[in-house]
Structure formats: C-alpha cells, structure tokens
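> this one's structure only:
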Ligand SMILES: CC(C)(COP(=O)(O)OP(=O)(O)OC[C@H]1O[C@@H](n2cnc3c(N)ncnc32)[C@H](O)[C@@H]1OP(=O)(O)O)[C@@H](O)C(=O)NCCC(=O)NCCS
C-alpha cells in the first residue's frame with residue numbers, strides 16, 4: 001500500500017472522522033476543550049509506554065461475564081500506542097462448566113485444583129474454546145466502531161514449560177503443575193513482529209504431558225521472563241484499606257502489611273495482590289490491580305494521573321532528600337510559575353545553582369513534586385523559604401512533610417526560631433503552629449532587606 005502511495009481509508013483518518021464526527025458535533029465547547037486537555041495530558045504516557053511490554057492477566061470470568069468484548073477496545077487502543085501486549089488468561093469457570101457437562105466433581109487441596117485425567121480433559125477443552133473466543137473478539141473490526149481498522153494478529157504457542165506440582169501433604173495433585181520455564185525469546189520474536197501474544201494457563205512438559213497451571217503463576221513468570229514494564233491483574237474489586245478507601249499506590253512492604261491485616265479484600269484481589277508483590281520483588285517494574293467491573297478502568301489506570309486501581313512497586317515511590325545540582329531543572333519547573341504570579345520571590349537559575357545545597361525536595365516516581373529551602377539567619381534563627389508543591393500533587397501531605405523536615409533539620413542545626421515570609425499561605429502555616437510576628441522580629445540584615453512592595457506576612461515558630 002505504502003509503495004503505491006495509496007493509504008487505506010482508516011489510516012488516512014477519514015474513517016475515524018466518520019466514526020467520531022457525530023460525537024464531536026454533539027460535544028459542547030467545554031467538552032471539546034476538556035477532551036483536548038485530556039488528550040494532551042496523556043502524551044507523556046504515550047511516550048513512556050511506546051515499545052514497552054505489558055502483561056495483562058485476567059481470570060476466565062472476565063470472558064464468561066461478557067466483559068472481554070469491551071476490554072478488546074481498550075487492548076486495541078493500548079496496541080495502537082505502540083505497547084507490546086501479552087495476555088495471560090485463566091479458565092476456571094470454563095473448566096467448571098466442562099466438569100459439570102461430564103458430571104465430574106471439582107476437587108481442591110490447599111486452594112489448588114486436583115487435576116485428574118477427567119479434569120485435565122476439561123482444562124484442555126476450556127483453554128481451547130476460550131482461545132477461539134478471545135481470537136474472535138479480538139478480530140472484530142466493524143466500521144464506525146472503536147475496533148475499526150484494528151487488525152490485531154494474535155499468536156499463542158508452547159511458550160510455557162511445566163513440571164508437576166507433585167504430592168502435597170500426602171495428596172497427589174496429578175496434572176496440576178508449576179511453571180518451569182518461559183520461552184521469552186519466542187514470545188519476544190512474536191511481539192517484535194507486531195503480534196499480540198495470548199498465553200493460556202496450561203503448560204507442556206518435556207515428556208509430552210500437559211499440565212494445568214495457575215493463571216497468576218503463569219502471569220508472574222511471563223512478566224519476569226520478559227522483564228515487562230508492567231503486569232496488570234484485572235480483578236473483581238479494587239484494593240481497599242480497612243476503611244474501604246482505594247489504595248492508589250503501595251510499596252511491596254505496604255501491600256504485605258495490608259494482606260496481613262486487610263479484611264476488605266476479595267479472594268481474587270488478595271491473590272492478585274500477593275502475586276503483584278512477588279512480581280515487583282522479582283524485578284517487574286510495576287504491577288497493577290485494576291477492577292474489571294469498571295468500564296475503562298484499565299485506560300484510567302494507565303493514562304491518568306489519579307488512575308483507577310492500585311499500583312504496586314518494589315520500593316516507595318516517594319523520597320524526601322537534599323537537592324543536588326541535577327535537580328535544578330525540576331525545582332525551576334516547580335517554582336517558576338509561582339514566581340511569575342508573585343507567590344514566591346524570584347530567584348533565577350544562577351542564584352538557585354549557588355544555593356541548591358539549602359534546598360530539599362520530595363520526589364515521586366523520580367519526578368520532583370515539592371521543594372523547600374532552609375536559610376540560616378542571624379541569632380540562632382532560620383528561614384524556611386520556597387516551599388512549593390506541584391498543583392496536581394497538593395493535598396497529599398507533601399507540604400506538611402517538607403515543613404516537618406525543615407523543622408527537624410533546623411532543630412538539629414541548633415536554631416531556636418523558624419521564620420517564614422509568605423503572601424498567600426499564612427493560614428497554612430498558622431494551622432501548623434506558626435504565629436504572626438512583626439517585621440521587627442526578623443533578625444538583621446533580613447529586617448532591612450524586607451520587601452515593602454511584596455508585603456509578605458512574617459510568621460514565626462519557636463523550635
Ligand atoms: C502551601 C503548599 C506548599 C501546601 O502544600 P500541600 O502539599 O498541598 O499541603 P498539605 O497536603 O500538607 O496540606 C493540604 C491542606 O492545606 C490546605 N491549604 C493549601 N493551601 C493553603 C493555603 N494557601 N492557605 C490555607 N490552607 C491551605 C489545603 O486546603 C489542605 O487542607 P485540608 O487537609 O483540610 O484539605 C502548596 O499549596 C503550595 O505549593 N502553595 C504555593 C506556594 C506557597 O504559597 N508557598 C508558601 C510560601 S513559602
């Protein structure tokens with residue numbers, strides 16, 4: 001097509017315009033600008049995700065409940081942004097159905113299925129049928145639908161080598177197995193050829209036997225072997241704390257603490273969270289647990305600042321530390337808009353470079369989200385200045401953490417009084433133990449240098 005200079009209609013954007021024009025026409029100006037603002041805000045994610053490998057793992061219920069049809073649209077969108085996708089699926093309800101048809105009984109030990117010869121037939125049948133169904137759903141491409149022009153090539157294969165689980169507490173689990181090896185090179189070559197890889201929870205042994213595996217184990221082993229940027233589990237409920245509040249971010253340690261005492265977790269969410277911790281501890285950069293019951297939850301989680309589910313990382317994303325010369329760019333980004341509107345005193349790059357050792361910063365996921373500086377004044381006094389938190393990160397306690405750190409440091413350095421000069425945030429400091437003071441309370445030469453045009457309020461805290 002490209003060689004002849006002809007471009008398919010959907011590639012030229014014509015079909016897209018046809019698909020979206022009625023919608024766009026109905027949009028009000030506010031909705032237009034919201035859409036444009038949102039689309040632009042997603043650009044950093046597109047850039048960061050292009051060429052990265054994501055493993056998306058879900059149980060067979062997502063297909064059984066009819067949720068996969070809508071999910072394919074989101075999967076298609078992820079693919080079109082250049083993300084390399086591997087889907088790992090379970091098939092528990094489909095196996096149960098097959099067992100019922102055969103009037104056979106499900107047998108479990110320690111939460112694991114005992115896969116006897118009949119159950120194994122059901123596993124094979126369920127995995128095969130599900131695979132065909134997933135292929136069909138991913139092949140949709142009706143014009144005027146979000147799947148128009150999708151052309152997703154799916155590939156599956158003998159990527160997983162399995163070994164028998166063996167005998168547990170005297171119970172032979174028969175054809176229930178564990179992952180022995182993942183053929184990462186074979187999966188990589190399929191992804192490099194722009195295929196979407198689908199992996200079922202079955203594996204083969206070198207002796208030619210088939211084993212029934214747990215979806216979570218396959219997902220973690222695959223993400224580990226591929227050094228995936230993300231492993232996303234689609235669960236039946238989000239990760240919530242004991243008071244029912246969504247936990248948007250957890251370090252592996254926090255996730256373990258929650259698992260130890262969390263009563264609000266469903267069995268699936270508990271299982272996926274446990275495996276998410278295992279994955280990040282083994283080097284997968286990020287794991288997510290997202291509810292499949294919320295339409296578009298996957299997109300919200302990946303492309304919006306707030307997300308919709310929980311992101312699990314090996315270590316805490318947040319770090320308070322002294323600033324270095326490499327932070328100048330990040331600090332300037334943070335304070336320049338505040339300087340421009342007059343909230344903070346203008347410093348400029350040169351001054352900042354000279355004074356950077358007085359600054360400390362809070363970083364979140366390697367982005368500087370807050371800063372403050374501690375300047376010595378005469379007479380065992382210090383000034384806390386340039387306290388700022390990025391607008392989208394305000395209200396999370398970062399301001400308070402920076403202030404606390406400033407106070408601790410000032411005490412350690414032997415200062416007895418901490419001053420703040422502020423035009424806009426006097427109440428914020430008063431609520432945190434500062435009192436308004438006269439300009440005359442400032443030590444010299446700060447007092448003489450007081451800027452009468454800015455008319456900042458002087459606040460003081462005795463340490
Ligand atoms: C002041 C500032 C640092 C607070 O940062 P933050 O991370 O949002 O602070 P916290 O999360 O610890 O506190 C949030 C609380 O402070 C309140 N708050 C925020 N700005 C405030 C202000 N100017 N006056 C009074 N209260 C304020 C919020 O409403 C919120 O209250 P709530 O917990 O009752 O909802 C931030 O608003 C900022 O960067 N402001 C612009 C720069 C500035 O004025 N710096 C001070 C001069 S050095």
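Perfect, thanks for sending it. Everything numeric in this text was worked out from a predicted model, so none of it was measured. Numbering: from 1, shown residues only.

> can you tell me the closest non-neighbouring residue to the residue of the stretch 51-200 of the chain found nearest the ligand?
Residue nearest to the ligand within the stretch 51-200 of the chain: residue 52 (30.4 Å; Cβ to the nearest ligand atom). Every residue, glycine included, has its C-beta placed from N, CA and C. Excluding the flanking residues, the one nearest residue 52 by Cβ to Cβ, 6 or more residues apart in numbering is residue 229, at 3.9 Å.

> quick one, domains of the chain?
Domain assignment of the chain by automatic domain parsing yields the ranges 1-41, 48-313, 318-462.

> thinking residue 383 is in contact with residue 375, fair?
Yes: the criterion here is Cβ atoms under 8 Å, and residue 383 meets it with residue 375 at 4.6 Å.

> higher neighbour count, these two?
For residue 383 versus residue 375, neighbours defined as other Cβ atoms under 10 Å are more numerous around residue 383 (23 against 14).

> which ones are touching the more buried one?
374, 375, 377, 418, 419, 420, 421, 446 (Cβ atoms under 8 Å, 6 or more residues apart in numbering).

> now, of the residues you listed, which are buried?
374, 377, 418, 419, 420, 421, 446 (16 or more other Cβ atoms under 10 Å).

> keep only these that also lie close to the ligand.
With Cβ under 6 Å from any ligand atom as the criterion, the subset of the buried ones among the contacts of residue 383 in contact with the ligand comprises residue 420.

> next, format the buried ones among the contacts of residue 383 as CSV and append secondary structure and pLDDT.
Shown next, in CSV, are these (DSSP: H, G, I helix; E, B strand; the rest coil; pLDDT from 0 to 100):
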residue, secondary structure, pLDDT
374, strand, 97
377, strand, 96
418, strand, 97
419, strand, 98
420, strand, 97
421, strand, 96
446, coil, 93
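
> flag every residue of this protein that's near the ligand.
338, 343, 385, 387-389, 394-400, 420, 422, 424-425, 427-428.

> mind checking which of those land in strands?
Secondary structure from DSSP state E places 385, 387, 388, 389, 420, 422 of these in strands.

> so how far is residue 250 from the residue of the stretch 51-200 of the chain closest to the ligand?
Distance, residue 52 to residue 250, using Cβ to Cβ, to the nearest Å: 21 Å.

> tell me which of these two has more neighbours.
Neighbours per residue (other Cβ under 10 Å) separate residue 52 from residue 250, with residue 250 holding more: 26 against 15.

> wait, the more buried one touches residue 259, no?
No: Residue 250 lies out of contact with residue 259 (Cβ under 8 Å); the separation is 9.9 Å.

> please tell me how far residue 255 sits from the ligand.
Per Cβ to the nearest ligand atom, to the nearest Å, residue 255 is found 24 Å from the ligand.

> for that residue, which non-adjacent residue is closest in space?
Closest to residue 255 by Cβ to Cβ, 6+ apart is residue 277, at 4.9 Å.

> okay, the one you found: pLDDT?
The confidence metric pLDDT takes the value 97 at residue 277.

> A helix includes it, no?
Yes: under DSSP: H, G, I helix; E, B strand; the rest coil, residue 277 falls within a helix.

> how about the residue of the stretch 51-200 of the chain closest to the ligand, phi and psi?
For residue 52, the backbone dihedrals (degrees, to the nearest 10) come out as phi -90, psi 160.

> so what's the nearest residue to residue 151 once chain neighbours are set aside up against?
Leaving aside its chain neighbours, residue 151 sits nearest to residue 141 (6.8 Å; criterion: Cβ to Cβ, 6+ apart). For residue 141, the contact set (Cβ under 8 Å, 6+ apart) comprises 147, 148, 149, 150, 151.

> three-state assignment of the second one?
State at residue 148, reduced to three classes by three-state DSSP: coil.

> surely it meets residue 140?
No: under the criterion of Cβ under 8 Å, residue 148 makes no contact with residue 140, lying 9.2 Å away.

> let's verify the closest residue to residue 96 other than its chain neighbours: helix, strand, or coil?
Ranked by Cβ to Cβ, 6+ apart and with sequence neighbours excluded, the top spatial neighbour of residue 96 is residue 106, at 6.3 Å. Taken by three-state DSSP, the conformation at residue 106 corresponds to coil.

> residues contacting residue 106?
95, 96, 99, 113, 119.

> closest to residue 272 among those?
When the contacts of residue 106 are compared for distance to residue 272 (Cβ to Cβ), residue 113 wins out at 17.8 Å.

> give me the pLDDT for that closest one.
Reported pLDDT for residue 113: 91.

> burial count for it?
23.

> and it, backbone torsions?
Dihedral angles for residue 113 - degrees, to the nearest 10 - are phi -70, psi 140.

> could you give me the average pLDDT of the helix or strand harbouring residue 40?
Here residue 40 is covered by helix 29-41, with elements defined by DSSP states H and E. On average, the pLDDT along helix 29-41 is 83.

> pLDDT weak spots in the stretch 151-300 of the chain?
Within the stretch 151-300 of the chain, no range satisfies pLDDT under 70.
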